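Colleague: What follows is a predicted structure for the sequence shown.
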Amino acid sequence: MTTAVVVGSGPNGLAAALTLAAAGVQVRVIEAADTLGGGARSSELTLPGLIHDECSGIHPMTPDSAFAQRFDLAGAGLTWRWAPAEFAHPLDGGRGAVAVRSVAETAAGLGAGGRGWQRTFGPLTERFDTISEEFLQPVLHVPRHPLHLARFGAYAALPATLLAHRFRTPEAEALFTGVAAHAFRPLDTLLSSAMGVALTTAAHAVGWPVAEGGTAAIRDAIVRRAAEHGVRFETGRRVTSLDELGGPDLVMLDTSPAAAARIAGARMPRHVRRAYLRYRHGPGAFKVDFAVEGGVPWAHEGSRGAGTVHLGGSAAETAAAEKDVAAGRMPQRPFVLVGQQYLADKTRSAGDVHPLYAYAHVPAGFTGDATEAITARIEQFAPGFRDRIRATHVRSTTELSRYNENYVAGDIVTGANDPRQLVFRPRPALDPYATGVPGVYLCSAATPPGAGAHGMCGYNAARRALTHL
């Protein structure tokens with residue numbers, strides 16, 4: 001019988017394990033941590049009864065991904081919930097903008113910027129199924145829907161600061177720039193719109209849902225399906241060499257490229273090893289979880305119902321902060337992402353005390369304490385927020401990389417999203433999952449299509465491995 005070992009149990013490692021096991025392969029998963037899940041874990045980080053997502057929290061691409069649909073994760077106990085609005089971007093003075101599922105309704109709330117918003121995202125939203133099918137696989141492929149992909153690519157290729165001008169008003173420009181900042185890269189460079197265009201289109205097509213009970217529910221659903229196919233799990237064991245694995249037919253590495261090079265050792269061809277060791281990681285995240293009584297008192301009304309709130313100030317301020325971070329400078333007012341998952345999922349709260357998820361974009365390996373900067377950023381747009389804080393939990397860049405070794409220097413997206421790596425991650429190759437070692441594949445978020453608890457990196461890598469078999 002064909003055998004496989006999966007090293008690492010993040011959502012991509014678990015997706016690879018399930019995909020292989022469903023094809024009749026005997027699979028064993030080995031995880032260095034004491035619990036499965038990688039970035040898909042949830043726990044009571046602040047107060048008893050409050051469920052916080054430890055890393056991945058919002059899941060625009062997961063519910064309708066090919067992986068989730070093929071294995072019916074909803075039928076395995078995974079329930080999706082949506083907040084009243086998908087994302088918001090407050091500005092000073094109670095101004096701001098908000099995006100909801102409807103493109104037309106969002107555009108109507110953007111005033112003079114609405115026409116540009118409708119013309120950009122209306123056609124993309126109508127074609128989201130075919131477009132997402134294209135960008136949730138390696139960039140280098142023969143597209144099944146070239147015209148749809150070309151329209152998406154025409155916007156994605158632009159600098160985000162340039163595309164934002166299409167939306168004309170400060171509120172609409174800030175709304176788009178805040179989403180584009182998810183890429184953790186300077187917003188005045190080519191292809192810096194790609195993340196913003198993809199995520200905004202997803203918001204209008206399928207929303208930005210959360211998993212009921214916490215992101216760990218995604219892990220639990222995949223583990224449940226994998227166990228049905230006989231997958232075995234081992235935790236608390238760190239793999240340092242392929243020699244430790246007993247000679248399986250396939251090895252799937254849900255690790256960073258550098259870790260894959262270390263594990264493969266001399267078996268890996270020199271040119272692949274060199275590419276993996278040169279793989280570039282992006283800026284870091286500094287995360288603070290709050291227990292907040294009564295929720296956040298946003299001055300901008302639309303932010304009160306949004307599952308995600310982007311705090312960057314104007315489009316120019318957001319772009320300046322992202323440029324500083326990319327250059328290794330800590331901004332005085334960093335870009336902060338706030339997750340209000342409890343608005344969609346009431347099971348995460350304890351009475352009127354709610355879990356609030358927040359992280360700032362910081363330079364890679366930032367050694368300072370950004371807790372006050374994050375708190376002050378929220379207070380700027382929600383006066384009185386400080387008075388509602390009942391507890392906090394902090395994870396620095398160092399602690400994030402200790403929590404998950406794939407988050408090198410706090411890089412929670414597992415690789416810089418510069419133009420070269422957007423197209424050729426983790427290295428220039430026709431098969432981005434192949435490591436050059438027969439039967440050994442990389443399946444982490446360092447491979448296409450990149451970060452997210454969608455499992456598509458592992459799913460794609462496992463399908464490629466099965467094809468090679």
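Modeller: Here it is on my side, so go on.
Colleague: now the end-to-end length of stretch 73-82.
Modeller: 17 Å (Cα to Cα, to the nearest Å).
Colleague: What residues of the lowest-mean-pLDDT helix or strand in the chain count as buried?
Modeller: Per-element confidence for the chain was summarised using mean pLDDT, DSSP states H and E. The lowest value among helices and strands belongs to helix 128-135, with a mean of 80. In terms of neighbour count (16 or more other Cβ atoms under 10 Å), helix 128-135 has its buried residues at 128, 131-135. C-beta: built from backbone N, CA, C; applies to glycine.
Colleague: Next: stretch 258-268.
Modeller: Of the residues in stretch 258-268, those buried (16+ other Cβ under 10 Å) are 258-264, 268.
Colleague: Switch those residues over to a markdown table; also include distance to V336, pLDDT and secondary structure.
Modeller: Written out in a markdown table, the entries for the buried residues of stretch 258-268 read as follows (distance: Cβ to Cβ, whole Å; pLDDT from 0 to 100; DSSP: H, G, I helix; E, B strand; the rest coil):
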| residue | distance to V336 | pLDDT | secondary structure |
| --- | --- | --- | --- |
| A258 | 29 | 98 | helix |
| A259 | 29 | 98 | helix |
| A260 | 32 | 98 | helix |
| A261 | 34 | 98 | helix |
| R262 | 34 | 98 | helix |
| I263 | 36 | 98 | helix |
| A264 | 38 | 98 | helix |
| M268 | 39 | 98 | coil |
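Colleague: Distance to F366 added to those residues, as CSV?
Modeller: Converted to CSV, these look like this (distance: Cβ to Cβ, whole Å):
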residue, distance to F366
A258, 20
A259, 22
A260, 26
A261, 25
R262, 25
I263, 28
A264, 31
M268, 31
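Colleague: Closest to I30 out of these?
Modeller: Nearest to I30 among the buried residues of stretch 258-268: I263, at 11.0 Å, using Cβ to Cβ.
Colleague: Surely the closest one and T240 touch.
Modeller: Yes: the criterion here is Cβ atoms under 8 Å, and I263 meets it with T240 at 6.6 Å.
Colleague: Can you report how many residues lie near P331?
Modeller: 20 (other Cβ atoms under 10 Å).
Colleague: So what's the residue count around P159?
Modeller: With neighbours defined by other Cβ under 10 Å, the count for P159 comes to 18.
Colleague: Not counting its neighbours along the chain, what's nearest it?
Modeller: When the adjacent residues along the chain are set aside, P159 lies closest to D188, with 5.0 Å between them (Cβ to Cβ, 6 or more residues apart in numbering).
Colleague: so where do the helices sit in the stretch 301-450 of the chain?
Modeller: Under the criterion DSSP state H, counting those that start in this stretch, the stretch 301-450 of the chain contains helices at 315-326, 371-381, 397-403, 419-424.
Colleague: Those helices into JSON lines, with extra columns for mean pLDDT?
Modeller: As requested, the helices of the stretch 301-450 of the chain are exported to JSON lines (pLDDT from 0 to 100):
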{"stretch": "helix 315-326", "mean pLDDT": "98"}
{"stretch": "helix 371-381", "mean pLDDT": "98"}
{"stretch": "helix 397-403", "mean pLDDT": "95"}
{"stretch": "helix 419-424", "mean pLDDT": "88"}
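Colleague: any idea which of those is most buried?
Modeller: Each of the helices of the stretch 301-450 of the chain was given a mean neighbour count from mean count of other Cβ atoms under 10 Å, and the largest, a mean of 22, is that of helix 315-326.
Colleague: Contacts for it next, please.
Modeller: By Cβ atoms under 8 Å, 6 or more residues apart in numbering, the residues outside helix 315-326 that reach it are 160-161, 164, 170, 173-174, 176-178, 181, 184-188, 283, 310, 312, 330-331, 333-335, 361-363.
Colleague: ok, now stretch 63-82?
Modeller: Contact with stretch 63-82 is made by 15, 18-19, 22, 59, 62, 101, 129, 132-133, 136, 206-213, 217-218, 220-222, 224-225, 307, 344-345, 454-456, 458-459, as judged by Cβ under 8 Å, 6+ apart.
Colleague: circling back to that earlier point, A164 is in contact with the residue nearest to P159, correct?
Modeller: No: assessed by Cβ under 8 Å, D188 is found out of contact with A164, at 10.3 Å.
Colleague: can you confirm F290 is in a helix?
Modeller: No: under DSSP: H, G, I helix; E, B strand; the rest coil, F290 falls outside any helix and is assigned strand.
Colleague: Could you pull up the contacting residues of it?
Modeller: Going by Cβ under 8 Å, 6+ apart, the list of residues near F290 reads 46, 355-356, 358, 389, 391-392.
Colleague: tell me the two of those that are most distant?
Modeller: Using Cβ to Cβ, the pair of those lying farthest apart is A358 and A391, separated by 13.6 Å.
Colleague: Which of those two has more residues huddled nearby?
Modeller: With neighbours defined as other Cβ under 10 Å, A358 and A391 compare such that A358 has more, 23 against 14.
Colleague: any idea how far T308 is from that one?
Modeller: Counting by Cβ to Cβ, to the nearest Å, the gap from A358 to T308 is 11 Å.
Colleague: likewise E399?
Modeller: Using Cβ to Cβ, one gets 23 Å for the distance from E399 to T308.
Colleague: Same check on L199?
Modeller: In this view, L199 and T308 are 10 Å apart by Cβ to Cβ.
Colleague: and these two? which has more neighbours close in?
Modeller: Neighbours per residue, other Cβ under 10 Å: of L199 and T308, the larger number sits with T308, 29 against 22.
Colleague: excluding its backbone neighbours, what's nearest the more buried one?
Modeller: Closest residue to T308 apart from its sequence neighbours, by Cβ to Cβ, 6+ apart: F87 at 4.3 Å.
Colleague: Over to T189?
Modeller: Counting by Cβ to Cβ, 6+ apart, T189 lies nearest to P159, which is 5.8 Å off, once chain neighbours are set aside.
Colleague: hmm, back to that, between D188 and A164, tell me which one has more neighbours.
Modeller: In terms of neighbours (other Cβ under 10 Å), A164 is the more surrounded of D188 and A164; the figures are 27 against 14.
Colleague: Helix or strand: which one has M61?
Modeller: Using DSSP states H and E, M61 falls within no helix or strand.
Colleague: ok, it touching F128?
Modeller: No: counting by Cβ under 8 Å, M61 sits too far from F128 to count as a contact (10.5 Å).
Colleague: How is the chain partitioned into domains?
Modeller: With domains defined by automatic domain parsing, the chain comprises 3-40+53-79+212-280+412-468, 81-210+282-403.
Colleague: burial measure for E301, as a count.
Modeller: By the criterion of other Cβ under 10 Å, E301 has 12 neighbours.
Colleague: for the closest residue to H165 other than its chain neighbours, helix, strand, or coil?
Modeller: Take H165 and drop its neighbours on the chain: the residue closest to it by Cβ to Cβ, 6+ apart is E173, 7.0 Å away. Reducing the assignment at E173 to three states with three-state DSSP gives helix.
Colleague: just checking, E173 touches F167?
Modeller: Yes: with contact defined as Cβ under 8 Å, E173 counts as touching F167 (5.1 Å).
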